[in-house]
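Asker: Show me the folded form of this:
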Amino acid sequence: MRILILSRNSALYSTRSLLRACYRRGHQAKVIDHLLCDLIIEQGKLSVSYQGELLEGYDAVIPRIGSSVTTAGTNVVRQFEKMGLFSTTRADAILRARNKLRCFQILAAEGIDVPKSLFPNFVQIDEQLIDDMPGEQSIVKLLESTHGLGVILSESLSNAVSTIEAFQRMKHKVLVQEFIAESSGTDIRALVVDGHVVASMKRTAAAGEFRSNLHRGGSARIEKLTEQERFLARKVCRILGLDVAGVDILRSNRGPLVLEVNSSPGLEGIETYTRIDVAGEIVHYLEKRIRKHKAAQQKKRGTWKLKG
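Answerer: Predicted coordinates for the structure are as follows:
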């Protein structure tokens, strides 16, 4: 197969791991910066030009789309999809997962338990709604925060209101969520590929920190999921239409809660701590889907010949 890996930085661990997995399995692979792609649209024909060269003859794309370029990145992914290339993560699924409000709306409507959340309006803050959040503390986070950036623990109502006002003055949309104190600065990362949890780890925040992100100094270890947690991770991905995703779960007194869903999960932490070749699992999944796609095309062509 000929595979395109969409990444802004070919030196990133996740990008290199995917590239190595492609090579190990005998495929041709190329890393391209999706922000350098020119999209050509004409009647009955779509194409992509990269640094003056038309990208032709490829079978699939593996998107690694960062939150700061979500719109531009998904435009490129969608163009490749319309050209007939298979994508490990579809553009619409990336958009559903990337916006935290949209993601929680979809999941909660389908009966998935999430931390109680409030999306305050941009005109007037209703302090009573914030005060009604469970517990004395609350989390204020940007809608598209990553690696724990833009996530703040507010110790009181006044602190939460001030934080929201500060973000809104800078034209940033925020989400207020209940703080799950009993999780004690830990969460579970489940890596799902093709409807299966292929790796999982428990992340623990550094001393004095409530965010468990490894980028914030947190630590991790292999963690076996309960059947309920495994089912939850798979169901979340099915609802959002994600074939590759990282699902972050909090263990609360009322059961597992979905904290976040990442459509471009980092592979360094999960591969390092679990010693599982997650990139290889992604490429293996890609191979299966492409084989099915080509078999369906051959069957269709055979049917046309018989009719002729």
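
Asker: Residue 276: neighbour count?
Answerer: When neighbours are counted by other Cβ atoms under 10 Å, residue 276 registers 18. Yep, even glycine has a C-beta here, placed from its N, CA and C like the rest.

Asker: Quick one: residues contacting it.
Answerer: Residues in contact with residue 276 (Cβ atoms under 8 Å, 6 or more residues apart in numbering) are 198, 199, 270.

Asker: which of those residues lies closest to residue 117?
Answerer: If you rank these by distance to residue 117 using Cβ to Cβ, residue 270 comes first, at 26.0 Å.

Asker: I'd like to know the average pLDDT value across the helix or strand where the closest one lies.
Answerer: Per DSSP states H and E, residue 270 falls inside helix 268-274. What helix 268-274 shows for mean pLDDT is 94.

Asker: quick one: it to chain centroid distance?
Answerer: 17 Å (Cα atoms, centre = their mean, to the nearest Å).

Asker: Can you name the element that comes right after that helix?
Answerer: helix 278-307.

Asker: which of the residues in that next one are buried?
Answerer: Judged by neighbour count (16 or more other Cβ atoms under 10 Å), helix 278-307 contains these buried residues: 278, 279, 280, 281, 282, 283, 285, 286, 287, 289, 290.

Asker: Low-confidence ranges, the stretch 51-200 of the chain, go.
Answerer: Along the stretch 51-200 of the chain, segments meeting pLDDT under 70 span 145-148.

Asker: Could I get the full set of strands for it?
Answerer: With strands called from DSSP state E, counting those that start in this stretch, the stretch 51-200 of the chain shows them at 53-54, 60-63, 86-87, 117-118, 138-142, 151-154, 174-178, 186-193, 196-204.

Asker: The second one pairs with which strands?
Answerer: It stands for strand 60-63. Paired neighbours of strand 60-63 in the sheet (DSSP bridges): strand 2-6 (parallel), strand 86-87 (parallel).

Asker: out of those, nearest to residue 77?
Answerer: With Cβ to Cβ, the closest approach to residue 77 among the strands paired with strand 60-63 belongs to strand 86-87: 5.6 Å.

Asker: Out of the strands paired with strand 60-63, which is the most enclosed?
Answerer: strand 2-6 (a mean of 22; mean count of other Cβ atoms under 10 Å).

Asker: tilt between that one and helix 278-307?
Answerer: Taking axes from the mean of the first three to the mean of the last three Cα atoms, to 10 degrees, strand 2-6 and helix 278-307 form an angle of 130 degrees between their directions.

Asker: In JSON lines: the buried residues of helix 278-307, plus distance to residue 244 and pLDDT.
Answerer: What follows is those, written out as JSON lines (distance: Cβ to Cβ, whole Å; pLDDT from 0 to 100):
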{"residue": "278", "distance to residue 244": "9", "pLDDT": "98"}
{"residue": "279", "distance to residue 244": "10", "pLDDT": "98"}
{"residue": "280", "distance to residue 244": "13", "pLDDT": "97"}
{"residue": "281", "distance to residue 244": "9", "pLDDT": "98"}
{"residue": "282", "distance to residue 244": "6", "pLDDT": "98"}
{"residue": "283", "distance to residue 244": "11", "pLDDT": "97"}
{"residue": "285", "distance to residue 244": "7", "pLDDT": "97"}
{"residue": "286", "distance to residue 244": "9", "pLDDT": "96"}
{"residue": "287", "distance to residue 244": "14", "pLDDT": "95"}
{"residue": "289", "distance to residue 244": "11", "pLDDT": "90"}
{"residue": "290", "distance to residue 244": "15", "pLDDT": "90"}
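
Asker: any idea how far the closest residue in space to residue 81 that isn't next to it in sequence is from residue 163?
Answerer: Among residues not flanking residue 81 along the chain, residue 87 sits closest, at 5.6 Å (Cβ to Cβ, 6 or more residues apart in numbering). When Cβ to Cβ, to the nearest Å is applied, the distance between residue 87 and residue 163 equals 37 Å.

Asker: how distant is stretch 158-175 from the center of its chain?
Answerer: So, by Cα atoms, centre = their mean, the centroid of stretch 158-175 is 25 Å from its chain's centroid.

Asker: Quick check: of the contacts of residue 276, which lies closest to residue 66?
Answerer: Distances from residue 66 to the contacts of residue 276, taken as Cβ to Cβ, are shortest for residue 270 (17.9 Å).
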